[in-house]
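Chemist: sequence unknown, structure follows:
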């Protein structure tokens, strides 16, 4: 016959004492937890008090902006005695180890996901349209030779362009009209945009690869003709002496090339 387990009847007084002891331990744990929370709040408050107020303002402006902001715009929103360049450098260093970094694009500032974390946020999608070789070559010519006209692009490439090449690049937002060349016919000049720099991760056009870098990457043949050179691109938005400002209606009239031009 199996042995029966011994049952012990616990008096009511003992049960009450145990319950009171457990309640007291829980109360002490809650007190300790609250004390730790208060200490953390005090430490955070001390850290916030030590941080300059203008950094908080600068941080708020950049986070709230829907587009990158230049230093002049930021300075107008900050106290007059604040060195905006120094404040931006401090904020950039502060955010350097974080998941969001402060970056400069075409002399404007914005917050972006840290480069080493971008793969976590990458969303796979089907690209409806891929740039043709002609469009890629045209974009490269504009990037390195801007400001440049459509005819100048054709001369550099050595081929007459199709109607849609410039249209595709305009739709991507990577190029934009700048002005009109002061020559007969006053053709529109083109240059790259901020979207171009942002898409390719460039701070300025000067970050584009030079001749030796292009050779090293295999994009250029090492047997180049004598005197061949890659121009140093300029991102100066100011019109040059040989350019006139655009006039109302120029953008609508300047998108499509003449219909008789054919890509070879």
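Modeler: All right, it came through fine. Everything numeric in this text was worked out from a predicted model, so none of it was measured.
Chemist: show me where the protein has helices.
Modeler: Secondary structure of the chain (DSSP state H): helices located at 12-50, 53-64, 71-77, 84-95, 133-145, 150-157, 164-172, 194-199, 211-216, 250-254.
Chemist: In the stretch 151-264 of the chain, what residue spans correspond to strands?
Modeler: 175-181, 188-192, 243-245 (DSSP state E, counting those that start in this stretch).
Chemist: Pick the most buried one from those strands.
Modeler: strand 188-192 (a mean of 23; mean count of other CB atoms under 10 Å). Bear in mind the C-beta positions are built from the backbone N, C-alpha and C, glycine included.
Chemist: Now do the domain split for this protein, please.
Modeler: The chain breaks down into these domains under automatic domain parsing: 53-121, 133-254.
Chemist: Which one of those has the poorest average confidence?
Modeler: Across these, domain 133-254 has the smallest mean pLDDT, namely a mean of 83.
Chemist: Let me know the pLDDT of residue 16.
Modeler: So, for residue 16, pLDDT stands at 57.
Chemist: Would you mind listing the buried residues in stretch 79-89?
Modeler: 82, 84, 87-88 (16 or more other CB atoms under 10 Å).
Chemist: Straight-line length of stretch 204-211, end to end?
Modeler: End-to-end distance for stretch 204-211: 17 Å, by CA to CA, to the nearest Å.
Chemist: nope, stretch 113-121 is what I was after
Modeler: Note: stretch 113-121 ends 9 Å apart using CA to CA.
Chemist: Next: stretch 200-212.
Modeler: Start-to-end, stretch 200-212 (CA to CA) is 20 Å.
Chemist: buried stuff in it?
Modeler: For stretch 200-212, by 16+ other CB under 10 Å, it's 202, 205, 208.
Chemist: Kindly report the same for stretch 52-60.
Modeler: So for stretch 52-60, counting by 16+ other CB under 10 Å, buried means 54-55, 57-59.
Chemist: Out of those, which comes closest to residue 233?
Modeler: The shortest gap between residue 233 and any of those belongs to residue 58, at 30.2 Å (CB to CB).
Chemist: can you count the residues close to residue 106?
Modeler: Per other CB atoms under 10 Å, the neighbour tally for residue 106 reads 19.
Chemist: right, and it touches residue 200 too?
Modeler: No - using CB atoms under 8 Å, residue 106 is not in contact with residue 200, being 11.8 Å away.
Chemist: I'd like the strands of the stretch 151-264 of the chain as JSON lines, with distance to residue 65 appended.
Modeler: Putting those into JSON lines (distance: least, CB to CB, whole Å) gives the following:
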{"stretch": "strand 175-181", "distance to residue 65": "21"}
{"stretch": "strand 188-192", "distance to residue 65": "22"}
{"stretch": "strand 243-245", "distance to residue 65": "27"}
